[in-house]
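>>> Build me a structure from this.
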Amino acid sequence: MKIPNLKLKSQLALFNAFSKALIITLLVFLIPWLVSRISIQDTDKLLIQKLDQVIELVDSLGIETYIDMDAEFQAFGSYNILKEEYISIEPIRTDTTINIIQYSERIIEDELVDYRVLSYSIEENDNNYLIEIGKSISVILRFEHNLKQFAFIFLIFIITLTFIFDLSFIQYLLRPFERIVSKLKYTKHPTSFNYQPVNTNTSDFIYLDETIHSLMRKIEAAFNDEREYISNVSHELLTPVSIIQSKLDNILYESNLSEADMMKIFESKKTLRRLTNLVRTLLMMSRIENEEYILTEDVNVNKVLQNVVEEIEDKAIAKELEIKMELKANNFIFKGNDNLLFTLFYNFVNNAIRYTDKGHVEIVSKQKNNQFSIQINDTGAGIKKEKIPQIFSRFKNSNETKDSYGLGLALSKKICDYHKIIVEVKSEVNKGSSFILLFP
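Numbers count the residues shown, from 1 in each chain. Reported below is the predicted structural model:
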């Protein structure tokens, strides 16, 4: 059984609750035994005190006060109206010594009653007498019941009080830690991190907060360096590429070249164009990673899809492919970046045309239970099952026969993640592929 991941506060609260439950369980078994022992000891102590009082009265008043020596039955007995206590004095053999406390049954007025009885022998006027003082077991049990009830109520009160106190203290103690976690959780970019120190007296939390601040400053510096580096590299690459393209154009228009030389120049221009697209794609991915694009535009998704089809339709016609559109989602307005979404749809549709030689490319927008989705289907070569997890990786080409750097789908995935759009891929070799975009 896998234990779920829990917050530190929850783990401490669970441990606190478990420990309290364990204590209660132990005391549930211990309290009855303890209460029983206490009630017996208290009863025995009370019987001994009453015995001392009886002996004191016998010594001061004389045994004749309680026993009529001329009577047929020389004995004394007294009990209260509820038969909860009784005292008896009767003669015994002179060689008998008794001093015990035990449970015993007595018949009083033809009723058998259980008692806790103290039996003690004394000597008066050269005769031995047995004094018995008994307390009803029902009284003892009633006392035990009341004591147990009080003990349980007091126990629950104390446990509840300590649980609330412990939980409040844990909450107070971990509040700075929760603020540190909150700062990390709601930081979407290193530049937006809150560097204000967390107010706490716990040295571990102070060290943690300072360490995170130090790491975030390093990360922010690394992000800024990377952004500046990519920007500079892109500029340094695009400038000479543009110059070379211009020179090649001049050569084509101003020189009398052979057909073979012209083909070489066209191939060079094609390579430069691909290099330009590669640099621009990498630059766009870097800008997305640095969250430089604003996602506040109300984009009409159906309109963007129509614009994509209008721009890319020539490629489909050149391959004799049909582009089908079913825009079933009405009022498909999404808050994001228009240019990025255009690039996203263009890449997916272009990818579908690239790997489809016969058949059609289908674009469908749907709405179900407030969930908007776009599905781009093709009847092309498809993707092998083992390659599907890798198609969104940089420089991973799903079809080795095609001339591609494998950045189109990687860029599309970046744009999806930036807009919190979920991408699902379904594909079957030689039957086609489906890319499903689920909008938040």
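>>> Next, residue 382: secondary structure please.
coil (DSSP: H, G, I helix; E, B strand; the rest coil).
>>> From residue 440, how far out is it?
From residue 382 across to residue 440, the span is 29 Å (C-beta to C-beta, to the nearest Å). Where C-beta positions appear, they are placed from N, C-alpha and C, glycine not excepted.
>>> Which one's more surrounded, these two?
The neighbour count for residue 382 versus residue 440, taken as other C-beta atoms under 10 Å, is higher for residue 382 (20 against 10).
>>> Quickly note the distance from the residue lying closest to the more buried one once chain neighbours are set aside to residue 129.
Leaving aside its chain neighbours, residue 382 sits nearest to residue 429 (4.3 Å; criterion: C-beta to C-beta, 6 or more residues apart in numbering). From residue 429 across to residue 129, the span is 112 Å (C-beta to C-beta).
>>> Which pLDDT value goes with the residue nearest to residue 382?
Per-residue confidence at residue 429 stands at 84 (pLDDT).
>>> what about it, how many neighbours?
12.
>>> again, but for residue 360
Around residue 360 there are 16 residues (other C-beta under 10 Å).
>>> what do you get for residue 415?
Residues near residue 415, counting by other C-beta under 10 Å: 24.
>>> Tell me the pLDDT of the residue nearest to it when sequence neighbours are not counted.
Nearest residue to residue 415, sequence neighbours excluded (C-beta to C-beta, 6+ apart): residue 344, at 4.4 Å. Per-residue confidence (pLDDT) for residue 344: 86.
>>> tell me the contacts of the residue nearest to residue 382?
Contacts were defined as C-beta atoms under 8 Å, 6 or more residues apart in numbering; by that measure residue 429 touches 381, 382, 383, 384.
>>> List the backbone torsions phi and psi for it.
With angles defined as degrees, to the nearest 10, residue 429 sits at phi -60, psi 130.
>>> and the one helix or strand residue 31 maps to, what other elements does it pack with?
If you go by DSSP states H and E, residue 31 is part of helix 8-61. On a contact count with 3 or more C-beta pairs under 8 Å, 6 or more residues apart in numbering; DSSP states H and E, helix 8-61 meets strand 85-92, strand 111-124, strand 127-136, helix 137-185.
>>> Please identify the most buried of these.
With neighbours defined as mean count of other C-beta atoms under 10 Å, the helices and strands packed on helix 8-61 peak in mean count at strand 127-136, which reaches a mean of 20.
>>> What segments of the stretch 301-440 of the chain are strands?
For the stretch 301-440 of the chain, the strands defined by DSSP state E, counting those that start in this stretch occupy 322-327, 333-336, 360-368, 371-378, 422-428, 432-438.
>>> Would you reformat the helices and strands packed on helix 8-61 as JSON lines and include mean pLDDT?
Formatted as JSON lines, those follow (pLDDT from 0 to 100):
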{"stretch": "strand 85-92", "mean pLDDT": "84"}
{"stretch": "strand 111-124", "mean pLDDT": "84"}
{"stretch": "strand 127-136", "mean pLDDT": "86"}
{"stretch": "helix 137-185", "mean pLDDT": "82"}
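>>> Quick one: those as CSV, columns for distance to residue 281 too.
Listed next are those as CSV, based on distance: least, C-beta to C-beta, whole Å:
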stretch, distance to residue 281
strand 85-92, 101
strand 111-124, 96
strand 127-136, 97
helix 137-185, 31
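>>> closest to residue 252 out of the ones you listed?
Between residue 252 and the helices and strands packed on helix 8-61, the tightest spacing by C-beta to C-beta is seen for helix 137-185, at 56.6 Å.
>>> now for that closest one, which elements pack on it?
Using 3+ C-beta pairs under 8 Å, 6+ apart: helix 137-185 touches helix 8-61, strand 111-124, helix 203-254.
>>> Next, the angle from the second one to strand 127-136.
Looking back up the chat, that one is strand 111-124. Angle between the axes of strand 111-124 and strand 127-136 is 150 degrees (criterion: axes from the mean of the first three to the mean of the last three C-alpha atoms, to 10 degrees).
>>> gap between strand 111-124 and the chain center?
66 Å (C-alpha atoms, centre = their mean, to the nearest Å).
>>> can you check the longest one too?
A distance of 42 Å separates the centroid of the chain from that of helix 8-61, by C-alpha atoms, centre = their mean.
>>> Same question for the last one.
The chain centroid and the centroid of helix 203-254 are separated by 38 Å under C-alpha atoms, centre = their mean.
>>> what mean pLDDT does it have?
So the average pLDDT for helix 203-254 ends up being 80.
>>> Stretch 371-388 too?
85.
>>> For that stretch, measure first residue to last.
25 Å (C-alpha to C-alpha, to the nearest Å).
>>> From the rest of the structure, what touches it?
Residues contacting stretch 371-388 (C-beta under 8 Å, 6+ apart): 301, 305, 329, 332, 334, 345, 348-349, 352-353, 355-367, 391, 398-399, 425, 427-439.
>>> again with stretch 37-45
101, 116, 118, 135, 140, 143, 144, 147.
>>> Hmm, the third one is touching residue 130, no?
No - counting by C-beta atoms under 8 Å, residue 118 stays clear of residue 130, with 10.8 Å between them.
>>> now the residue nearest to residue 415: how far from residue 107?
On the measure of C-beta to C-beta, residue 344 and residue 107 end up 100 Å apart.
>>> The two: which is more packed in?
residue 344 (26 against 8).
>>> how's this protein carved up into domains?
10-145, 203-289, 297-438 (automatic domain parsing).
>>> Please identify the deepest-packed of those domains.
Greatest burial across the domains of the chain, using mean count of other C-beta under 10 Å, falls to domain 297-438, with a mean of 17.
>>> where in the stretch 251-400 of the chain is pLDDT low?
254-255, 394-400 (pLDDT under 70).
>>> Repeat the analysis, applying 80 as the threshold.
251-259, 261-262, 265-266, 269-293, 295, 329-330, 369-370, 388-390, 392-400 (pLDDT under 80).
>>> Just the helices from it, written as ranges.
259-289, 301-318, 338-354 (DSSP state H, counting those that start in this stretch).
>>> CSV please, covering those and showing distance to residue 154.
Formatted as CSV, these follow (distance: least, C-beta to C-beta, whole Å):
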stretch, distance to residue 154
helix 259-289, 62
helix 301-318, 67
helix 338-354, 67
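>>> right, and those helices - which one's nearest residue 178?
Closest among these, using C-beta to C-beta: helix 259-289, at 28.7 Å.
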